[in-house]
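> Provided below are the primary sequence and the corresponding predicted coordinates.
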Amino acid sequence: MTRRIALSLLALATALPLAACGEKEETTGPSAVEQVRLMLDYYPNADHAGIYRAQAGGAFERAGLEVELQTPSDPAAPLKLLAAGKADVAISYQPELLLARDKGMRVVSIGALVSRPLTSIMALPKSKVRDVRDLEGKTVGTAGIPYQSAYLETILREAGVDPGSVKEVNVGFNLVPALLSGRADATLGAFWNVEGVELERAKRDPLIIPVDEAGVPEYDELVLVAREQDAKERGPLLRAFLRALAEGHEELRDDPASGVDALLEANPDLDRADTLAQVERTLPAFFPADEARPFGWQDIAGWGSYGGWMHENGLLESAPSPLALTNEFLPGVGIEQDEGPS
């Protein structure tokens, strides 16, 4: 069933740009300085290094944009604030976007910020968990998010472990403290590029298994989201924003320390050495695996597979629509589509 959904999404999404071909001409950027309110998903951290590099290095300014970076008081709030008109673009998670659309929210992903899963299973040596099979009879802490519970069940079944033999406990966002204190033998929810790096640098010798390496379909961990109406009416603005963001990430790849400097200005609580190590570890995930694709590229078939998995696991009432995402505003993509056959 997942494959059928993926193929259906692929066929529909491939047809969408051609249906619009010739209807309007679009420039690659705004004609005057425009403001963009970007709502982050969390406090400034390594995942946002390219954004802060784009701001500090002048990429947004060169694109004719004044970008205001906002931090949510609640990590669950960005999509709601976006829908309410409190932001122009919001950073969220692919599963959160699909859940929001399933409930009727008119939002669309316009690009991937982190193009592979960061969510991981983690354990410390004292728990004697060396692979997923060792979770049998153990306690696993999660952040209490429903799709994380579904991740855990899928991973256990893939490894031949009875999910009923594993105790899941909600530890909120205290995933690392739960490991260190022994409240949980393992956790599912921490990121390999942030908490994983912190544990490694603290010489805790963690076991780290990204969820997509344990049976969960690959997905984009962080995505850039706009309102559907803005995707229809503000194409030049979104294209200019994404082009500047791509420039910032290219500069970050050339000089990771430059992004760390900008991050530390925004969040002085960050440790410079830890943050630099996290940014360097994250760099490959900022770009699509296919080097021929532009920054922000979203794989249509991959979205179909992951959305089908969510539907089959009861997380979505309906199979996701191809209108959940678009690549048309990415550097070069929209122009290619406009010049293609009508």
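Ah, there it is.
> Work out for me the element residue 209 sits within.
Using DSSP states H and E, residue 209 sits in strand 207-210.
> what residues does that strand touch?
With Cβ atoms under 8 Å, 6 or more residues apart in numbering as the test, strand 207-210 has contacts from 116-125, 129-132, 186, 192, 196. Where you see a C-beta, it was placed from the backbone N, CA and C, and this is true even at glycine.
> What about those, which are in helices?
Among these, DSSP state H puts residue 196 in helices.
> Write the ChimeraX selection for whichever of the contacts of strand 207-210 are buried.
Buried residues among the contacts of strand 207-210 (16 or more other Cβ atoms under 10 Å), as a ChimeraX selection:
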select :116,117,118,119,120,121,122,123,124,129,132,186,192,196
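> Among the contacts of strand 207-210, name the ones in strands.
Here DSSP state E is the test, and the contacts of strand 207-210 give 119-123, 186 as lying in strands.
> Okay, now the unreliable bits of the chain?
For the chain, the stretches with pLDDT under 70 are 1-31, 334-342.
> Quick check: buried residues in stretch 307-314?
307-311.
> What is the nearest of those residues to residue 329?
Nearest to residue 329 among the buried residues of stretch 307-314, counting by Cβ to Cβ, is residue 307 at 20.8 Å.
> Tell me where the stretch 1-150 of the chain has helices.
For the stretch 1-150 of the chain, the helices defined by DSSP state H, counting those that start in this stretch cover 2-20, 49-56, 59-62, 78-83, 94-102, 146-158.
> Any idea how many residues pack against the residue lying closest to residue 238 once chain neighbours are set aside?
Using Cβ to Cβ, 6 or more residues apart in numbering and skipping residues adjacent in sequence, the residue nearest residue 238 is residue 329, 4.5 Å away. For residue 329, the count of nearby residues is 25 (other Cβ atoms under 10 Å).
> next one: residue 239
Counted by other Cβ under 10 Å, the residues lying close to residue 239 total 25.
> Helix or strand for it, just tell me which one.
Per DSSP H and E: residue 239 is located in helix 235-254.
> Report the angle between that helix and helix 49-56.
Relative orientation of helix 235-254 versus helix 49-56 (axes from the mean of the first three to the mean of the last three Cα atoms, to 10 degrees): 110 degrees.
> would you put the C-alpha positions of helix 235-254 in PDB?
This file holds the C-alpha atoms of helix 235-254, laid out as PDB (Å, rounded to 0.1, in the frame of the first residue of the first chain):
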ATOM      1  CA  GLY A 235       6.400  33.200  -5.500                       C
ATOM      2  CA  PRO A 236       9.100  35.800  -6.100                       C
ATOM      3  CA  LEU A 237       9.500  36.400  -2.400                       C
ATOM      4  CA  LEU A 238       9.700  32.700  -1.500                       C
ATOM      5  CA  ARG A 239      12.100  32.100  -4.400                       C
ATOM      6  CA  ALA A 240      14.400  35.000  -3.300                       C
ATOM      7  CA  PHE A 241      14.300  33.700   0.300                       C
ATOM      8  CA  LEU A 242      15.300  30.200  -0.600                       C
ATOM      9  CA  ARG A 243      18.000  31.400  -3.000                       C
ATOM     10  CA  ALA A 244      19.600  33.400  -0.200                       C
ATOM     11  CA  LEU A 245      19.200  30.600   2.200                       C
ATOM     12  CA  ALA A 246      21.000  28.300  -0.200                       C
ATOM     13  CA  GLU A 247      23.800  30.800  -0.500                       C
ATOM     14  CA  GLY A 248      24.100  30.900   3.300                       C
ATOM     15  CA  HIS A 249      24.400  27.200   3.500                       C
ATOM     16  CA  GLU A 250      27.000  27.100   0.700                       C
ATOM     17  CA  GLU A 251      29.000  29.700   2.700                       C
ATOM     18  CA  LEU A 252      28.600  27.600   5.800                       C
ATOM     19  CA  ARG A 253      29.900  24.500   4.000                       C
ATOM     20  CA  ASP A 254      33.000  26.500   3.000                       C
END
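> what's the spacing between it and its chain's center?
16 Å (Cα atoms, centre = their mean, to the nearest Å).
> Please apply the same query to stretch 206-220.
14 Å.
> Output the contacting helices and strands for the strand of greatest length in the chain.
Criterion DSSP E: the longest strand present in the chain is strand 107-114. Under the contact definition 3 or more Cβ pairs under 8 Å, 6 or more residues apart in numbering; DSSP states H and E, strand 107-114 sits against helix 78-83, strand 89-92, helix 94-102, strand 222-227, helix 228-233, helix 235-254.
> can you redo the ones you listed as JSON lines with distance to residue 147?
Formatted as JSON lines, those follow (distance: least, Cβ to Cβ, whole Å):
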{"stretch": "helix 78-83", "distance to residue 147": "15"}
{"stretch": "strand 89-92", "distance to residue 147": "13"}
{"stretch": "helix 94-102", "distance to residue 147": "5"}
{"stretch": "strand 222-227", "distance to residue 147": "15"}
{"stretch": "helix 228-233", "distance to residue 147": "23"}
{"stretch": "helix 235-254", "distance to residue 147": "26"}
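> Which among the ones you listed is found nearest to residue 59?
The closest of the helices and strands packed on strand 107-114 to residue 59 is helix 235-254. By Cβ to Cβ, the value is 4.2 Å.
> Buried residues, the closest one. List them.
Residues of helix 235-254 classed as buried under the neighbour-count rule (16+ other Cβ under 10 Å) are 235-253.
> Just after that helix, pick out the following helix or strand.
Per DSSP H and E, the first helix or strand lying C-terminal to helix 235-254 is helix 256-266.
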